[in-house]
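Enquirer: Below are the sequence and a predicted model; questions follow.
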Amino acid sequence: MTKIGFIGLGIMGGPMAANLVKAGFEVTGYNRGRSKVDKLVEAGGRGAVSIAEAVREADIVITMLPDSPDVEAVVLGEDGVLAHAREGALLIDCSTIRPDVSREISGRIRALDAPVSGGEQGAIDGSLSIMVGGEAADFEAAKPVLDAVGGTIVHVGGPGAGQTVKAANQLIVAGTIELVAESLVFLEAHEVDTEAAIKVLAGGLAGNRILDRKAAAMVKREFTPGFRVELHDKDLGIVQAAAREAGVVIPLGAAVAQLMASLKAQGHGGLDHGALLKLVAQLSGRE
Ligand code: NAD
């Protein structure tokens, strides 16, 4: 049986770890604070009180942490994964972090970067899209584990390539949310029935997953995360740095990055990224 150590049992990591238990893996989880570890234990997993305890016996270590410094600390830090994992254990980092940090980590420990898309619902359903960077043989070794949490799993290139694809994903998602937000505020200002409008828009060329999955909550001003503004702000920082590095100009991406940063600066970092609608309404003098 493959033993998995899972670190970071938050909005995404919690349900991913639970799905691994359901698929028959022996999962030992660790998170700061006890409550999220207890939830994994309720789901049939094992709880650890330290990174060392979570990874010591593991064949595969999965990390699902907020940002690059968190992954660096957990993997490379004193008392981290590198210090305590077994020789030859494979790290699968599912967090969204900077591609250069993923490359650095893969130089120190056998690792794949495997960021995900599909949101909290995708994590609960085990239907995430997973973009994987690293060695082909490691991808093959990880595939049965990734199959338990994902629906679309693609090896996109060498170390860091998964993060680069994820950055493109976040550019598309942020831009689409902004356009949906602008459309909804526009429709409201014209006193059009937004529910009817969303239905017909979703059936045409303008149809997209944000309309399907987020527009209704945006209209109701329900911004419980989901995906927090502060995380998307982090991701748009990654996108902008990577675009600059490649000499690629992203005018719409730069604009939406500023809007996301503004939302965070106004104290809304903890809201769902659908809260871009709040900003559009405010800029239009409607909120
Ligand atoms: P989250 O904040 O809910 O979960 C992160 C967890 O890591 C938290 O429970 C936190 O306590 C824990 N943690 C942080 N530092 C730690 C440490 N040093 N030791 C142990 N535990 C630690 O975040 P999330 O929404 O689950 O996102 C995780 C990653 O996945 C992020 O990189 C995010 O960008 C990405 N992501 C999120 C979504 C989404 O919809 N939420 C979708 C795709 C990708």
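Expert: Nice, I can see it.
Enquirer: tally of neighbours for residue 69?
Expert: Counted with other Cβ atoms under 10 Å, residues neighbouring residue 69 total 13. Every C-beta, even on glycine, is put in place using the N, C-alpha and C of the backbone.
Enquirer: Distance check, it against the ligand.
Expert: Residue 69 is 9 Å from the ligand, where distance means Cβ to the nearest ligand atom, to the nearest Å.
Enquirer: show me what contacts residue 217?
Expert: 223, 272, 274 (Cβ atoms under 8 Å, 6 or more residues apart in numbering).
Enquirer: Just give the nearest non-adjacent residue to the residue of the stretch 151-287 of the chain found nearest the ligand, would you?
Expert: The stretch 151-287 of the chain approaches the ligand most closely through residue 227 (3.5 Å), counting by Cβ to the nearest ligand atom. Excluding the flanking residues, the one nearest residue 227 by Cβ to Cβ, 6 or more residues apart in numbering is residue 273, at 5.2 Å.
Enquirer: give me every residue that touches the one you found.
Expert: Shown in contact with residue 273 (Cβ under 8 Å, 6+ apart): 173, 174, 177, 225, 226, 227, 228, 229, 232, 260.
Enquirer: Let's see which of those residues end up in helices.
Expert: The helices, defined by DSSP state H, take in 173, 174, 177, 229, 232, 260 from the contacts of residue 273.
Enquirer: element containing the residue lying closest to the second one once chain neighbours are set aside?
Expert: Spatial nearest neighbour of residue 174, chain neighbours left out: residue 256 (4.7 Å); criterion: Cβ to Cβ, 6+ apart. Assessed by DSSP states H and E, residue 256 sits inside helix 251-263.
Enquirer: tell me how far that helix is from the chain's mean position?
Expert: Offset of helix 251-263 from its chain centre (Cα atoms, centre = their mean, to the nearest Å): 19 Å.
Enquirer: What residues sit buried inside that helix?
Expert: 253, 256, 257, 259, 260, 261, 262, 263 (16 or more other Cβ atoms under 10 Å).
Enquirer: Give me the contacts around that helix.
Expert: By Cβ under 8 Å, 6+ apart, helix 251-263 touches 171, 174-175, 178, 229, 232-233, 236-237, 239-240, 243, 269, 271, 273, 275-276, 278-279.
Enquirer: Swap in 6 Å and give it another go.
Expert: Residues outside helix 251-263 that contact it (Cβ atoms under 6 Å, 6 or more residues apart in numbering) are 171, 174, 175, 178, 229, 232, 233, 236, 239, 240, 279.
Enquirer: What's the local residue count around the fourth one?
Expert: Close neighbours of residue 178, defined as other Cβ under 10 Å, add up to 21.
Enquirer: Let me know the next secondary structure element after the helix or strand harbouring residue 130.
Expert: Take DSSP H and E as the rule and residue 130 turns out to sit in strand 128-133. Going down the chain from strand 128-133, the next helix or strand is helix 136-147, by DSSP H and E.
Enquirer: Looking at the chain, what residue ends up closest to the ligand?
Expert: For the chain, the residue closest to the ligand is residue 10, as judged by Cβ to the nearest ligand atom, at 1.8 Å.
Enquirer: secondary structure element for the spatially closest residue to residue 149 that is not a sequence neighbour?
Expert: Using Cβ to Cβ, 6+ apart and skipping the chain neighbours, the partner closest in space to residue 149 is residue 16 (4.7 Å). Here residue 16 sits within helix 13-22, counting by DSSP H and E.
Enquirer: again, but for residue 156
Expert: Assigned by DSSP H and E, residue 156 belongs to strand 150-157.
Enquirer: hmm, back to that, tell me how far whatever helix or strand comes next after the helix holding residue 256 lies from the chain's centre.
Expert: Once the chain leaves helix 251-263, the next helix or strand it forms, by DSSP H and E, is helix 276-283. Put simply, helix 276-283 sits 24 Å off its chain's centre (Cα atoms, centre = their mean).
Enquirer: Report the buried residues of helix 276-283.
Expert: 276, 277, 278, 279, 280, 281.
Enquirer: helices or strands next to that helix in the packing?
Expert: On a contact count with 3 or more Cβ pairs under 6 Å, 6 or more residues apart in numbering; DSSP states H and E, helix 276-283 meets helix 161-189.
Enquirer: Pull out the buried positions in the very next helix or strand once past the helix it packs on.
Expert: Remark: after helix 161-189, the chain's next helix or strand is helix 194-203, criterion DSSP H and E. Using 16+ other Cβ under 10 Å as the test for burial, helix 194-203 gives 194, 197, 198, 201.
Enquirer: Could you name the helices and strands sitting against helix 194-203?
Expert: Using 3+ Cβ pairs under 6 Å, 6+ apart, helix 194-203 sits against helix 209-213.
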